[in-house]
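Asker: dropping the sequence and predicted coords here.
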Amino acid sequence: MSFGKVRPGDHAIVAEGFISRGAWSLIEDKFSDFAKAKLTDVVRFTLDEVLPAAELYEAQISKDPATRWKQVPPVIEELKNKAKAKGLWNLFLSKKHYPKHGTPLTNLEYAVMAEITGRGGHFGSEAFNCSAPDTGNMEVLAKYGNEEQQKKWLMPLLNGEIRSAFAMTERFIASSDATNIRTDIRQEGNEIVINGHKWWISGAGDPRCKLHILMGKSDAQNANQHRQQSIVLIPADTPGIKVVRPMQVFGYDDAPEGHCEVIYENVRVPLANLVKGWGAGFEIIQGRLGPGRIHHCMRSIGAAEAALDRMLTRVTDTRKRTFGKALYEHGTIVADIARSRMQIDQARLLVLSAASMIDKSDAKGAMRDIGMSKVVVPTAALEVIDRAMQAHGAEGISQDTPLAAAYAGLRTLRYADGPDEVHIQQIGKQELRRAEALWERQNRITGESEKKLKAAGIRSHL
Ligand SMILES: Cc1cc2nc3c(=O)[nH]c(=O)nc-3n(C[C@H](O)[C@H](O)[C@H](O)COP(=O)(O)OP(=O)(O)OC[C@H]3O[C@@H](n4cnc5c(N)ncnc54)[C@H](O)[C@@H]3O)c2cc1C
C-alpha cells in the first residue's frame, strides 16, 4: 500500500501522503538533518501512538459531573512520558529566539510538525507538550519572566508537570479591543490585589492547572492607552479565585481543561509576581498572541487534512452507494474533494510563509503573514471539514466521527486570539499604506509612456 508514487529516499511525510511532493520540495532544503529526523519521529509517533489512543482518551474522560473536572485521562500522561523519552518534546520553542530553553528547530520546521500533531486534535499536540494555552504561556515566561519566575513556573511547564491558563477576556466588555480590559490590579504594600471577572479562560478547569497568567488594568489614568495594563502570575489555588463554570462550544465543554468563567475577588499575590514591570501588559500580550495564532493555524491544517482523509475513505466505502453509483463516482463529490485539496495546499503556503518570517525576524516582523493565516486557515479548514461532514451523511455531525468536534474546535478560532474582522481591518490598513508608492510608480510609468507615444507621433488618450 502506498500514497501515490513513493520514490526511494522520500521523507516519511511524503511517503505517508501527509504533504504533497511540491510543498515538500519548497521547504526540504530549509530543514536541518536534525529536523528531518525529528519530523520522521513525529510522523511515526502520531501514527503509531497518538491516533490509536484518541478514542481511549475520549472514553477516559469521566462522564460523572462529580469527577469530570477532577480526573485527567491516564492515557495522555502515558503518551507524554513516551514522547518525552523519545525527545519529541517542546518542539514549539525555537532555540533561535529562546537560546536557554529552546529546541534546535526553526518555526518553519516546527510548522510542519505541528501540522502532523494537529491531526490528533488538541489531544495530539498535548502529547508533545505543544498545546495551547501552555505554549503561549511558556513563551511569556521564557521571554519576560525573571529567573525566579522561570524557576517556579516555566520549568514545571516545560517538564509537562503542570498546566496553566491565560486570563484576558472579560465577561462584560468587548475584549477583542484589549484596551477595554478593566480587571483591577493595584499594589498594596508588598502585595498585588486583583479584582475582575473573566471568561473563556482555557485550561482553568484542569486539575493540573497551577498558574493563571492574568492581564488587568493597573494604571487607568496613563495617557498612553498601551501602558495602562500589567500582567501578574497567580497560583491557581490562591484564595479569591472562583472558577464559576465551564463555557460550552456548541455543547462541547472540552473537559478536563475547559474554557471557564472565572471571578477574581480580592486575590492577593506577592509583588514579585508582576511580569516585566508595571505597564508592560500590552507589550507582553502582543508578544504572546503572535506565535499562539500561528501555532493554531499550523494545527488547523492538520485537522483539515485529517478531515479530507476521512472523507476519502467514506466516499470510497463500497457499502455506501446512491443512485447506482459509489459516492466517489458523483461529480459533485469529486469536485468537493478537489476544492478541499486546493484550499489546504493554499492555506499551508500562507502558514509556511508566516513561520519563515518569524524565523527571519520575529513574531512582530511576521504580523502581516500571521494575521492573513489567522483569517484564511480556520475558514478554509472549516469548509473542508464541512464538506467531509456532508459526505458522511448524518453520521458526519454525530458523535461517531471526530468531525463535529473538529468543526466546533475550528469554529472557535474565528474568535480566539482576536476575531477575523480585527485581523482583516489590520491587513486592509497595511495594504492601503502601499497606495502612496503605487501612485508614484503609476505616475512615473504614465510619464514614460507619454514620452514614447509623443516620440512615435501618437497622441495619448490618458
Ligand atoms: C474556545 C475559546 C477559547 C478561548 N480561550 C481564551 C483564553 O484562554 N483566554 C482569554 O483571555 N480569552 C479566550 N477566549 C476569548 C477570545 O479571545 C475572545 O472571545 C475574542 O478575543 C473576542 O472577544 P469577545 O468575545 O469579547 O468579543 P467582542 O470584543 O465583544 O466582539 C464581538 C464581535 O464584534 C466584531 N468585531 C470586533 N471588533 C471588530 C472590528 N474592529 N471590526 C468589525 N467587527 C468587529 C467581531 O465579529 C467579534 O466577534 C477564547 C474564546 C473561545 C471561543
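Answerer: Good, I have the coordinates.
Asker: list the contacts of M389.
Answerer: By C-beta atoms under 8 Å, 6 or more residues apart in numbering, M389 lies in contact with G396, I397, L403, A404, Y407. From N, CA and C alone the C-beta is placed, and that goes for glycine too.
Asker: out of those residues, which is nearest to the ligand?
Answerer: Among these, Y407 lies closest to the ligand (C-beta to the nearest ligand atom), at 12.9 Å.
Asker: my read: that closest one touches E383, true?
Answerer: No: with contact defined as C-beta atoms under 8 Å, Y407 does not reach E383; the gap is 10.4 Å.
Asker: quick one, which of the two is more surrounded?
Answerer: Between Y407 and E383, counted using other C-beta atoms under 10 Å, Y407 has the larger neighbour count: 22 against 18.
Asker: and that one, that one's in a helix?
Answerer: Yes: counting by DSSP: H, G, I helix; E, B strand; the rest coil, Y407 is part of a helix.
Asker: for the stretch 101-250 of the chain, which segments count as helices?
Answerer: 107-118, 121-126, 134-144, 147-149, 155-158 (DSSP state H, counting those that start in this stretch).
Asker: nearest to K38, out of those?
Answerer: Of all the helices of the stretch 101-250 of the chain, it is helix 107-118 that lies closest to K38, at 6.9 Å by C-beta to C-beta.
Asker: and that closest one, what does it pack against?
Answerer: Under the contact criterion of 3 or more C-beta pairs under 8 Å, 6 or more residues apart in numbering; DSSP states H and E, helix 107-118 touches helix 33-45, helix 121-126, helix 281-315, helix 331-360.
Asker: tell me what angle the first one forms with helix 107-118.
Answerer: Read that as helix 33-45. 10 degrees (axes from the mean of the first three to the mean of the last three C-alpha atoms, to 10 degrees).
Asker: average pLDDT across helix 33-45?
Answerer: The average pLDDT within helix 33-45 is 97.
Asker: quick one: list the elements packing against that helix.
Answerer: helix 12-15, helix 107-118.
Asker: with the second one instead?
Answerer: Packing partners of helix 121-126 (3+ C-beta pairs under 8 Å, 6+ apart): helix 51-60, helix 74-85, helix 107-118, helix 281-315, helix 403-412.
Asker: separation between the most centrally placed residue in the chain and the ligand?
Answerer: Nearest to the geometric centre of the chain sits H296, at 1.4 Å (C-alpha atoms, centre = their mean). From H296 across to the ligand, the span is 10 Å (C-beta to the nearest ligand atom, to the nearest Å).
Asker: list the contacts of that residue.
Answerer: A132, K374, P378, L413, A416, D417.
Asker: can you tell which of the helices of the stretch 101-250 of the chain is closest to F282?
Answerer: It's helix 134-144; of the helices of the stretch 101-250 of the chain, that one is closest to F282 (C-beta to C-beta) at 12.2 Å.
Asker: run through who's touching the closest one.
Answerer: 90, 92-93, 97-98, 100-102, 149-150, 153-154, 157-158, 163-166, 203, 211, 213, 231, 275-276, 280, 284, 287-289, 291-292, 295.
Asker: does it come close to the ligand?
Answerer: No: residues of helix 134-144 are not located near the ligand by C-beta under 6 Å from any ligand atom, the shortest gap being 8.8 Å.
Asker: show me how far that helix is from its chain's centre.
Answerer: From the chain centre to the centre of helix 134-144 is a distance of 14 Å (C-alpha atoms, centre = their mean, to the nearest Å).
Asker: please apply the same query to stretch 50-62.
Answerer: 22 Å.
Asker: next, format the contacts of M389 as a markdown table and append distance to the ligand and pLDDT.
Answerer: Formatted as a markdown table, the contacts of M389 follow (distance: C-beta to the nearest ligand atom, whole Å; pLDDT from 0 to 100):
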| residue | distance to the ligand | pLDDT |
| --- | --- | --- |
| G396 | 22 | 97 |
| I397 | 19 | 97 |
| L403 | 18 | 97 |
| A404 | 15 | 97 |
| Y407 | 13 | 98 |
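Asker: can you tell me which of these are buried?
Answerer: G396, L403, A404, Y407 (16 or more other C-beta atoms under 10 Å).
Asker: which strand residues bridge the one residue in the stretch 201-350 of the chain that gets nearest to the ligand?
Answerer: Nearest residue of the stretch 201-350 of the chain to the ligand: S202, at 3.4 Å (C-beta to the nearest ligand atom). Under DSSP bridges, the beta-bridge partners of S202 are H259.
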